[in-house]
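1. sequence and predicted model, in that order:
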Amino acid sequence: MVPNTAGGECAAPLLEMRAITKHFGDLKANDQVDLEVRQGEVHALLGENGAGKTTLMNILYGLVSPDHGEIYLNGRLTHISSPRDAIRQRIGMVHQHFMLIPSFTVVENVILGLPVEREPLLDLKQAAAQVSALANQFGLQVDPFAKVGELPVGVQQRIEILKTLYRGARLLILDEPTAVLSPGEVRELFRVLKSLVAQGLAAIFISHKLDEVLEVSDRITVLRRGRKVCTLATRTASKQQLAELMVGHQVFGQSRPEPHPFGPVTLALRQLCALDDSGRMALRNISLEVRAGEILGVAGVDGNGQQQLAEVLAGLRPSVSGQIIVCGQDLTNHPPSSFIRRRVGYVPADRQQVGLILDFSVDENLIVKRLDQPPFSRWGWLHLPAIRAHAQRVIDAFDIRLPGSHVKARQLSGGNQQKVVLAREIEDRPMLLIAMHPTRGLDIGATEYVHQRLLEQRSQGVAILLISTELEEVLSLCDRVCVLFRGEVMGTLDAAGAQVDLIGHMMLGERLESLAAIPA
């Protein structure tokens, strides 16, 4: 045993990354970073957007080559120049977006790309037996002949882990592994992780959810602006301490919004139905109301109709039946321009593909919905002085950090791109704001900023529909929460005091009225 400088005793290092440095042009993504991971531990890697976490893990998995630095596995200097090298060194990576073929079975996905003993013949029964034995060993029970596309996302994640274990991985990299899981599936993942490390494996757990990091990890390494800040034992850490280590200054935790009287109904949906892109029913008889000054949260595992709901409410997708009533006016199947005229703001899930025109400048993006209106347009011509003055005022008000309003939107960081989208929608003085995943991919500082802006809009009487898979975000910001499952509302309840387990059951398809009270 070697002493654990973060506290206590732990096994000898399985992995050592020493003085890892990587430049991308003038940007130093990693600056002399050290990382040590020990056999039999879950090691969390924390940091803001741009802190260098992804670059460091891409180097470990052979996707990026470092400029300087060394990697040691079990005390031996190792060179990893490709994912194939990493797999040979028994390193596996579970990506946030699963790399599975939905039409294949579990066993076909697990063995895909591997040589077989009797090529070109494939003994699927033998392979399935091996997969089942491995699954049982690590507590990853799954039917090897089930079609992957028919399985819940939590089970699909088990398959991703099985794929790495089948290839002999002893060190797992898990990149935001809980992003699309329900609370129950998160607990199951943590059970699996603890089973894996109990049998001598190690895991690097990348997440921005501090509560989860504190629950599942043994040690935590914090990166900030490409440099390692510290490594500490999880049992000695607090959520506030980790947040401040990540951003370098004091962070104020999110408190629940103060109760206040709501105004009249701003948005009313009546038995709304809509199809997805493949022609299947995505929304089934959705009925809900949002009042002025209220934040209604829409919770659920990603892919249960949230995207289609947001698009219908922005005029970007037709409905097949039902009604959309905004401020008393029926806007069902009206074009986006009608929703804009009725002062409906829309913060889409994909800020780059939908929220911004990346090759337009920031000042152009800030007025793109009003470019035909004064003072930005005169007699059909853009009035550049007014556009630039407006942009500078908004940039200052929303703390958008950039060299100038003339730069293209694609040159901004993700957090600043999100601020541009949010600023544009708020500056249009909406009556109703549809915000879908407004903090997805943002670091803790940018997330706190977006939350503050949403609460300001609530206090000013704006009705907000907040669609998010982040249950903590929904419960901390919203007045009420409705849960979607396969395009249906499973129930609506007050966010204050709402039980996470109850919401978790609803996220998996149980209706609120059928659930007995679950003890807190």
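-> Now that the structure is in, tell me what you want to look at.

2. mind listing what's buried along the helix or strand where Leu165 lies?
-> Take DSSP states H and E as the rule and Leu165 turns out to sit in helix 153-166. Residues of helix 153-166 classed as buried by neighbour count (16 or more other Cβ atoms under 10 Å): 154-166. Where you see a C-beta, it was placed from the backbone N, CA and C, and this is true even at glycine.

3. can you put these in TSV and add distance to Ala268?
-> Below are the buried residues of helix 153-166 laid out as TSV (distance: Cβ to Cβ, whole Å):
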residue	distance to Ala268
Gly154	34
Val155	37
Gln156	36
Gln157	37
Arg158	41
Ile159	42
Glu160	41
Ile161	44
Leu162	46
Lys163	46
Thr164	48
Leu165	50
Tyr166	51
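
4. closest to Gly328 among the residues you listed?
-> Gly154 (42.2 Å; Cβ to Cβ).

5. and for the closest one, nearest residue in space, chain neighbours not counted?
-> Glu185 (3.2 Å; Cβ to Cβ, 6 or more residues apart in numbering).

6. gap between the one you found and Leu201?
-> 20 Å (Cβ to Cβ, to the nearest Å).

7. before we move on, the earlier item: what's next to the helix holding Leu165, contact-wise?
-> In this structure, residues lying in contact with helix 153-166 by Cβ atoms under 8 Å, 6 or more residues apart in numbering are 92-95, 98-100, 106, 109-111, 114, 130-131, 134-135, 138, 140, 142, 148, 151, 172, 177, 180-182, 184-185, 188-189, 192, 196, 301-303.

8. just the buried ones from the residues you listed, in PyMOL syntax?
-> Restricted to buried positions by 16+ other Cβ under 10 Å, the PyMOL selection for the contacts of helix 153-166 reads:
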select buried, resi 92+93+94+98+100+106+109+110+111+130+131+135+138+140+142+148+151+172+177+180+181+182+185+188+189+192+196+301+302
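
9. out of the contacts of helix 153-166, which sit inside helices?
-> 106, 109-111, 130-131, 134-135, 184-185, 188-189, 192, 196 (DSSP state H).

10. what ranges does the stretch 201-350 of the chain have for its helices?
-> Using DSSP state H, counting those that start in this stretch, the helices of the stretch 201-350 of the chain run over 210-216, 239-247, 306-313, 336-341.

11. pick the most deeply packed of these.
-> Ranked by mean neighbour count under mean count of other Cβ atoms under 10 Å, the helices of the stretch 201-350 of the chain are led by helix 306-313, which reaches a mean of 23.

12. so what secondary structure elements neighbour that one?
-> strand 265-275, strand 281-291, strand 344-347, strand 432-436, strand 463-467 (3 or more Cβ pairs under 8 Å, 6 or more residues apart in numbering; DSSP states H and E).

13. any chance of the helices of the stretch 201-350 of the chain in TSV, with distance to Glu456 and mean pLDDT too?
-> Below are the helices of the stretch 201-350 of the chain laid out as TSV (distance: least, Cβ to Cβ, whole Å; pLDDT from 0 to 100):
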stretch	distance to Glu456	mean pLDDT
helix 210-216	24	91
helix 239-247	21	87
helix 306-313	21	94
helix 336-341	21	93
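
14. what's the closest of these to Ala496?
-> Closest approach to Ala496 among the helices of the stretch 201-350 of the chain is made by helix 210-216 (18.7 Å; Cβ to Cβ).

15. from the chain's centre, how far out does whichever helix or strand Ala423 is part of sit?
-> According to DSSP H and E, Ala423 maps onto helix 414-427. The chain centre lies 18 Å from the centre of helix 414-427; the measure is Cα atoms, centre = their mean, to the nearest Å.

16. Gly69: which of the helices of the stretch 201-350 of the chain is closest?
-> When these are compared (using Cβ to Cβ), the closest one is helix 239-247, at 22.4 Å.

17. how close does Arg388 sit to Gly355?
-> 21 Å.
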